[in-house]
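S.K.: Need a 3D model of the following:
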Amino acid sequence: MLGKTPTFAANVWPERPACRLRLPGGGVLDTAARPLVMGILNVTPDSFSDGGRFLSPDAAVAHASTMCEQGADLLDVGGESTRPGSEPVPVEEELRRVVPVIRELAARTDVPISIDTQKAAVARAALDAGAAIINDVSALRSDPDVAAVAAERGAPVVLMHMQGTPKNMQTNPSYGDVVADVTEWLRQRIDYAVSRGVSQNELLVDPGFGFGKRLGHNLELLRRLPELHALGLPVLVGTSRKSMLGRILNAPEGERLHGTMATVACAVLCGCNMVRVHDVSPALQTVKVCEAIRRGMHYEDA
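M.R.: Numbers count the residues shown, from 1 in each chain. Model prediction:
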């Protein structure tokens, strides 16, 4: 004999926090319809997944153009690898890598550009060249003057959690409750950014998957992503091709696409606002389907 049909709450997914980020020059980033897809452009010789592939300006611009054609909502350009064990890059070298690429991309596309840097001089030059967002993996700890640049230019800032520095972050990461600890740490960095003149309305938070975290810490953060909404800010998730997936799948960087998309789906269903990925087209498809599931009959995104 069949049992009764189970009943479920009408809204089983957490709400996605509102996100309307004003950009320098008058543009707006809005996640009302769906989470946004940020395409990764590493202009480096040593990034963990694609180091060296887009080091030349021509290769970088060509790859970025492809990501734009695939539907990227933003491009995140970085000239310094922050893989575990990496060393800092001199300011002059980072500028040499990223500024020509950003300038060329800004002339070719209206897709907003983010500069992935920990240095105020690089952030300033990137904004001058056409970038609109600062993505700081140190959350303004490495160079506090990044906050002054953001406040002066009205540029949104991504504050990412990292225990330690890229060189030592994976030596022995430890937490009491990783979600509570990351949330409180980010709350303190938000307060710091606001104290330096950055508008709270122009901040995003990133829990920093793989930055000073063991596999168990990363999985716990994924399971409990909705708890980060307590910060009241848009949440960016970056898990693309990371070693946490390699540990689970026993697969090298180039064979982690499906694992990455599983984490993208998790992020969308948990109400996150933005995903940072190497593979834009699969991520955009994943985002759209998961958002349709979240919104059900009310889904209207074309």
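
S.K.: now the helices for the stretch 51-200 of the chain?
M.R.: 57-69, 91-108, 120-129, 145-153, 178-195 (DSSP state H, counting those that start in this stretch).

S.K.: Of the ones you listed, flag the one that's most buried.
M.R.: helix 120-129 (a mean of 22; mean count of other CB atoms under 10 Å). Every C-beta, even on glycine, is put in place using the N, C-alpha and C of the backbone.

S.K.: which residues are in contact with it?
M.R.: Residues outside helix 120-129 that contact it (CB atoms under 8 Å, 6 or more residues apart in numbering) are 24, 77, 79, 91, 94-95, 98-99, 102-103, 106, 113, 115, 117, 134, 136, 143, 145-146, 148-150, 153, 155.

S.K.: Just the CA trace of the longest strand that the chain contains, in CSV.
M.R.: When the chain is parsed with DSSP state E, its longest strand is strand 36-42. The C-alpha coordinates for strand 36-42 follow below in CSV (Å, rounded to 0.1, in the frame of the first residue of the first chain):
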residue,chain,number,x,y,z
LEU,A,36,26.4,36.3,-12.0
VAL,A,37,29.2,34.3,-13.7
MET,A,38,32.7,35.8,-13.3
GLY,A,39,35.3,34.4,-15.8
ILE,A,40,38.8,33.9,-14.6
LEU,A,41,41.7,35.4,-16.6
ASN,A,42,45.1,34.5,-15.1
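
S.K.: oh, and call the first residue 458 from now on, that's how I've got it
M.R.: Yep, numbering from 458; the last one is strand 493-499 now.

S.K.: Enumerate the sheet neighbours of it, specifying parallel or antiparallel for every one.
M.R.: Strand 493-499 has its sheet partners listed here by DSSP bridges as strand 531-535 (parallel), strand 731-734 (parallel).

S.K.: Could you report the distance from residue 577 to residue 517?
M.R.: Residue 577 sits 23 Å away from residue 517, going by CB to CB, to the nearest Å.

S.K.: can you check residue 496 too?
M.R.: From residue 496 across to residue 517, the span is 12 Å (CB to CB).

S.K.: cool, residue 572 as well?
M.R.: Residue 572 is 13 Å from residue 517, by CB to CB.

S.K.: and for these two, which residues touch both?
M.R.: With CB under 8 Å, 6+ apart as the test, residue 572 and residue 517 both reach residue 534.

S.K.: which residues pair with the closest residue to residue 524 other than its chain neighbours across the strands?
M.R.: Once flanking residues are discounted, residue 524 sits nearest to residue 496: 3.8 Å by CB to CB, 6 or more residues apart in numbering. Judged by DSSP bridges, the bridge partners of residue 496 are residue 532, residue 734.

S.K.: pLDDT weak spots in the stretch 608-757 of the chain?
M.R.: 754-757 (pLDDT under 70).

S.K.: Tell me where it has strands.
M.R.: In the stretch 608-757 of the chain, the segments counted as strands under DSSP state E, counting those that start in this stretch are 614-617, 660-663, 693-694, 731-734.

S.K.: looking at these, which is closest to residue 490?
M.R.: strand 731-734 (12.9 Å; CB to CB).

S.K.: quick one: residue 642 from residue 620, how far?
M.R.: 8 Å.

S.K.: I meant residue 660, not that one.
M.R.: In this view, residue 660 and residue 620 are 20 Å apart by CB to CB.

S.K.: again with residue 720
M.R.: Distance of residue 720 to residue 620, computed by CB to CB: 20 Å.
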